[in-house]
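Participant: got a predicted structure here, sequence first:
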Amino acid sequence: MSLLTIEGVTGGYGGADILHGVDLRVGPGEIVVIIGPNGAGKSTLMKAAFGLVTIREGAVLFERRDITRLRPDQIVREGVSYVPQERNVFPSMTVHENLEMGAFIRDDDIRPQLDKIYDLFPRLGERRDQVAGSMSGGERQMLAMGRALMLEPKLLLLDEPTAGLSPLFMDQTFERIQSINRTGIGILMVEQNAKQALAICDRGYVLTMGRNRVEDTGASLLANKDVAEMFLGG
Amino acid sequence: MLMDFLQVGLYGVVLGSILTLGAIGVSLIYGILRFAHFAHGDLMALGAYFALSLVVGLGFPVWASAPFAIVAAALAAIAIDQIVYRRLRRVEPVILLISSFGIAIALRSIIQLVWGPHNQVYVKGIQMPWRVGDLIVKPDHVWIVLGAVVLVIALHLFLTRTKTGKAMRAMSDNMDLALVSGIPAERVIMATWAVGGGLAAVAGIFLAMDTRLHPVMGWSVLLPVFAAAILGGIGRPYGAIAGGMVIGMAMELSTMIIDPTYKPAVAFGLMVLMLIVRPQGLFKGNA
Amino acid sequence: MEWAGLLTYGVFFVTVAGIYAVLTLGLNVQFGFTGQINIGIAGFFAVGAYTSAILTTAASDHHLGGFGLPFPIGVAGAMVASALVAVVIGWVTMRLRTDYLAIATIGIAEIIRLALKNEEWLTNGVRGVPAIPRPFSETLEFDTLAGLAGLLPDPLEATVLEVLSGPLGAAVLEVLSGPLVSLVVVLVFLALAWWMVERARVSPWGRVLRAIRENEDGVRAAGKDVVRCRLQAFVLGSAIMGMAGALYANFVGFISPEAFLPLYGTFLVWVMLIAGGAGNNTGALVGAFVIWLLWSATQFLTDALGAEYATQAGALRVLLIGVLLQVILILRPQGLVPENGRKGRH
Ligand SMILES: Nc1ncnc2c1ncn2[C@@H]1O[C@H](COP(=O)(O)OP(=O)(O)O)[C@@H](O)[C@H]1O
Ligand SMILES: [Mg+2]
């Protein structure tokens, strides 16, 4: 059984379609990466999985349940968390409050989960009373992931988690993603840094102009000449 | 001269307290729903008149009728939102602006229909003022300022200590992320109207205590309330406190130099000045 | 007699509706074309009315002037004065979200009203400016018509003069020099306003305005000066509102601050534009006449309730129109005559 199944999804933002019959699958515990040129519809595909775009044809299933027509706040309750590409923290709220907002729909004691996040990202623990807007890009990205993890999701959607980060932070982020994945959480992410992303993933998809181009294991995609030419800097 | 200054300054604090309570609501609503709520002044007036019904009808003292007026105004605000604004939320915010202007006019007509068009007061007769040195202090003024301080503290605790309050700040900060986090937007919006409407009722009651009740009282105070909200950075409820105090003070102090009729012009002048030099307000609102 | 009364009422009705139509066209330039919110229409209307009143009345000890100038100069002055106020307000707020413009216009209208009430040297305060001359009424006096008759062949001239001097002539003269002239004047200026606004709408400038309304960033990216275009639209709309003020002052003959409350001056105009169809000039006209008809019809409510409930009836009328606005916004936001290409919002 797969965690997330996207079947022949066609749709967009109300105007012209952006996605044209895209298929994608994430198995339990997998890391799946989407790469592709700018404007290919990677972010749109991610949003389609999260109920944020209008899907005209096709279906999105999460653990066999049809979530195609659900709203984001309903999908969150199914066990999917989403970290948008930009504007992914509450800037005037503290780190701690950001994490609390991530857990808004939980009614149980969230302290154990907070401790886990602070263990995973010690930097956040040190700055729990700092206002998110005053933190660096890398710290904010950590916070965004931490916020999404507060619900203990089964699947985490990450849209370009390393965009704009220094190489050092980038490596750290990929490591973190792997350690999150080791706790059994499935990960679907869009990445510009294709080389590193493909290196840590189980499978990858190449998307161009709203259509599937290639689908393969990470290793094979890294070895694929066409893909290398297009995305891996030759 | 110094004594005059202090005396007028005292009036400024009183007016500032009233404006602050109105401006906080305007700012909260702007932060979350992204539109200038032009019916807020008339919501204040409605709250003041709710209290009048209890004072005149049941012989309640003003302070005892306030809680009922707060609840009634909060419910009225929620009802207006559910019946009208909610249906307009998905279109451009400017439509909400026009709608709220219409609501302002409608509320005023309702007030005229129910309570009549004339000036009214809660308590007839002159209050015996206290003398503090050469300063004349009316008991009502003390209640107004104390009431505002208590409510501002309560609001602060609400926004920083409760889940709903934090969710309001979150929605005002980043609506998309709030939705993606599963924050139930409609419920938080209702809470926002309840808080905004409740504070408006208190502001209206205080304004009526300080002056009188009149169907146009809400519309007349709308300009200074918005000037306060803008000065503090619209969308920033904490800024509204500073904005309210500055505008209230400036309006009262100006009466030492210019004709008091032009008090609203002072609020307007400060607002325009702010829009020219720093449109995002003292506290960086969502300009 | 009844017919005469009905006729007079009809003429009066169309005249006032025509003045409202001019206001609505002005608002259409601001909101319909450009998406700007002006909640201070009454202020621009008042500035126009007072400017024209002061320019056209005979010299008076009670207010500034008057200067006894001809009516067209009164109109021109009214437009310039309103435009100047608009430039100041616009200059401050055009860079910002339209919410700020809306608040600023509320403020300026309120301050204008306070000034009209208090600056007695200028406006005679609450007592108002009386004896504002009706436009062109002198042209239709006996002598003028007699002069015109002189152009006719002799026998005809004699007959015409005879009729003119008789009772029938007096009646005709009375109507012609009174309400009917005002009506014609208002309609002529309405046509002028329509012509200006419609030309503006179809011009390249008008297209830029609509583009700004739909996609401001796109227009900016295309290198157009968005702020400037917006300011021009705001000023043009306000000048037209000033024109309506002049028409009003010279039609009613007496103005006081009470005539420029937000209810009549601003609120009804908004309902008219929204009901008619923002963005569409025909819609603006239709809205003005339909809503003025509705508003006048609710007058019968007052009559039905009787004099002792006059204030309540007045409030009820306003409430009804307020509810009507919400119903239109929710159920038919595109108005009676939708703008081409603008979809309904649902
Ligand atoms: N909110 C939106 N509304 C309309 N079109 C959008 C929106 N976001 C993105 N698009 C369009 O969708 C296409 C795909 O964008 P996106 O999914 O962000 O690409 P990617 O993430 O692959 O760079 C682009 O042509 C973009 O202009
Ligand atoms: Mg993207």
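Facilitator: Cool, the structure landed. Ligands and ions are numbered 1, 2, ... in the order given.
Participant: by proximity to ligand 1, which residue of the stretch 51-200 of chain C wins?
Facilitator: Using CB to the nearest ligand atom, C:Arg97 is the residue of the stretch 51-200 of chain C that sits closest to ligand 1, at 20.0 Å. (Glycine included, C-beta is placed from N, CA and C.)
Participant: for the residue nearest the centre of chain A, list each beta-bridge partner.
Facilitator: Centroid-nearest residue in chain A, with CA atoms, centre = their mean: A:Leu158, separated by 1.6 Å. With DSSP bridges applied, A:Leu158 shows beta-bridge pairing to A:Val83, A:Met189.
Participant: so it makes contact with A:Met189?
Facilitator: Yes: counting by CB atoms under 8 Å, A:Leu158 touches A:Met189, with 3.9 Å between them.
Participant: any shared contact partners between these two?
Facilitator: A:Ile177 (CB atoms under 8 Å, 6 or more residues apart in numbering or on different chains).
Participant: B:Ala167: helix or strand, and which one exactly?
Facilitator: Under the criterion of DSSP states H and E, B:Ala167 resides in helix B:163-173.
Participant: that helix close to chain C?
Facilitator: No: Helix B:163-173 stays clear of chain C (CB under 8 Å from any CB of the partner chain), getting no nearer than 15.2 Å.
Participant: off-centre distance for that helix?
Facilitator: 20 Å (CA atoms, centre = their mean, to the nearest Å).
Participant: contacts for it, please.
Facilitator: Here helix B:163-173 makes contact (CB under 8 Å, 6+ apart) with A:90-93, A:97, A:100-101, A:104, B:28, B:31-32, B:158-160, B:177-178, B:181, B:183, B:185, B:187-189, B:191-192, B:195, B:235, B:286.
Participant: list the buried residues of it.
Facilitator: Residues of helix B:163-173 classed as buried: B:Thr164, B:Gly165, B:Lys166, B:Ala167, B:Met168, B:Arg169, B:Ala170, B:Met171, B:Ser172, B:Asp173 (neighbour count, 16 or more other CB atoms under 10 Å in any protein chain shown).
Participant: just the contacts of helix B:163-173: which are in helices?
Facilitator: Here DSSP state H is the test, and those give A:97, A:100-101, B:28, B:31-32, B:158-160, B:177-178, B:185, B:187-189, B:191-192, B:195 as lying in helices.
Participant: buried subset of the residues you listed?
Facilitator: Applying 16+ other CB under 10 Å to these flags A:97, A:100-101, B:28, B:31-32, B:159, B:177-178, B:185, B:188-189, B:191-192, B:195 as buried.
Participant: just curious, which of the residues you listed is nearest to A:Thr217?
Facilitator: B:Leu177 (33.2 Å; CB to CB).
Participant: that closest one: what's it in contact with?
Facilitator: A:Pro84, A:Arg87, A:Asn88, A:Val89, A:Phe90, B:Ala170.
Participant: need the buried residues of helix B:163-173 in TSV with pLDDT, can you?
Facilitator: Output for these, formatted as TSV (pLDDT from 0 to 100):
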residue	pLDDT
B:Thr164	97
B:Gly165	97
B:Lys166	97
B:Ala167	97
B:Met168	97
B:Arg169	96
B:Ala170	97
B:Met171	96
B:Ser172	95
B:Asp173	94
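Participant: make a markdown table from these and add distance to ligand 1 to it.
Facilitator: Formatted as a markdown table, the buried residues of helix B:163-173 follow (distance: CB to the nearest ligand atom, whole Å):
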| residue | distance to ligand 1 |
| --- | --- |
| B:Thr164 | 29 |
| B:Gly165 | 30 |
| B:Lys166 | 27 |
| B:Ala167 | 24 |
| B:Met168 | 25 |
| B:Arg169 | 25 |
| B:Ala170 | 21 |
| B:Met171 | 19 |
| B:Ser172 | 21 |
| B:Asp173 | 20 |
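Participant: out of everything not next to it in sequence, what's closest to the closest residue to chain C within chain A?
Facilitator: Taking CB to the nearest CB as the measure, chain A has A:Gly14 as its residue closest to chain C, at 11.3 Å. Take A:Gly14 and drop its neighbours on the chain: the residue closest to it by CB to CB, 6 or more residues apart in numbering or on different chains is A:Thr54, 5.9 Å away.
Participant: can you give me the strands for chain C?
Facilitator: Assigned strands in chain C: none (criterion: DSSP state E).
Participant: where exactly do the strands run in chain A?
Facilitator: Under DSSP E, chain A gives strands at A:4-12, A:17-26, A:31-35, A:54-62, A:65-66, A:80-83, A:155-159, A:186-190, A:203-208, A:211-217.
Participant: hang on, the earlier thing: ok, so of the buried ones among the ones in helices among the contacts of helix B:163-173, who is nearest B:Gly281?
Facilitator: Nearest member of these to B:Gly281, counting by CB to CB, is B:Gly31, at 12.0 Å.
Participant: that closest one and B:Tyr238 touch, don't they?
Facilitator: No: applying CB under 8 Å as the test, B:Gly31 and B:Tyr238 come out as separate, 11.0 Å apart.
Participant: overlap in contacts, the two.
Facilitator: In contact with both B:Gly31 and B:Tyr238: no residue, using CB under 8 Å, 6+ apart.
Participant: need the max-distance pair from the buried ones among the ones in helices among the contacts of helix B:163-173.
Facilitator: So, those by CB to CB: farthest apart are B:Leu177 and B:Val195, at 21.6 Å.
Participant: buried residues in stretch B:123-131?
Facilitator: Within stretch B:123-131, judged by 16+ other CB under 10 Å, no residue is buried.
Participant: kindly apply the preceding question to stretch C:110-123 instead.
Facilitator: Within stretch C:110-123, the residues scored as buried using 16+ other CB under 10 Å are C:Glu110, C:Ile111, C:Ile112, C:Arg113, C:Leu114, C:Ala115, C:Leu116, C:Thr123.
Participant: longest helix anywhere in chain A?
Facilitator: helix A:167-182.
Participant: got the angle for the strand or helix carrying B:Gly198 vs helix B:163-173?
Facilitator: Take DSSP H and E as the rule and B:Gly198 turns out to sit in helix B:185-210. In terms of direction (axes from the mean of the first three to the mean of the last three CA atoms, to 10 degrees), helix B:185-210 departs from helix B:163-173 by 100 degrees.
Participant: elements contacting helix B:185-210?
Facilitator: helix B:2-33, helix B:40-52, helix B:62-80, helix B:139-161, helix B:163-173, helix B:175-180, helix B:217-232 (3 or more CB pairs under 8 Å, 6 or more residues apart in numbering or on different chains; DSSP states H and E).
Participant: quick one, what contacts the residue of chain A found nearest chain B?
Facilitator: Residue of chain A nearest chain B, by CB to the nearest CB: A:Val76 (3.7 Å). Listed by CB under 8 Å, 6+ apart, the contact set of A:Val76 reads A:Ile105, A:Leu151, B:Val180, B:Ser181, B:Gly182.
Participant: so where is chain B shaky, pLDDT-wise?
Facilitator: Within chain B, the ranges that satisfy pLDDT under 70 run B:284-287.
Participant: report the closest residue of it relative to chain A.
Facilitator: B:Gly182 (3.7 Å).
Participant: burial check on that residue, number of neighbours?
Facilitator: Using other CB atoms under 10 Å in any protein chain shown, B:Gly182 has 22 other residues around it.
Participant: per-domain residue ranges of chain A.
Facilitator: A:1-79+A:153-234, A:87-152 (automatic domain parsing).
Participant: weakest of those domains by average pLDDT?
Facilitator: Within these, confidence is poorest for domain A:1-79+A:153-234, with a mean of 92 (mean pLDDT).
Participant: do that domain and ligand 1 meet?
Facilitator: Yes: applying CB under 6 Å from any ligand atom, one finds domain A:1-79+A:153-234 touching ligand 1 at A:Tyr13, A:Ile18, A:Gly36, A:Asn38, A:Gly39, A:Ala40, A:Gly41, A:Lys42, A:Ser43, A:Thr44.
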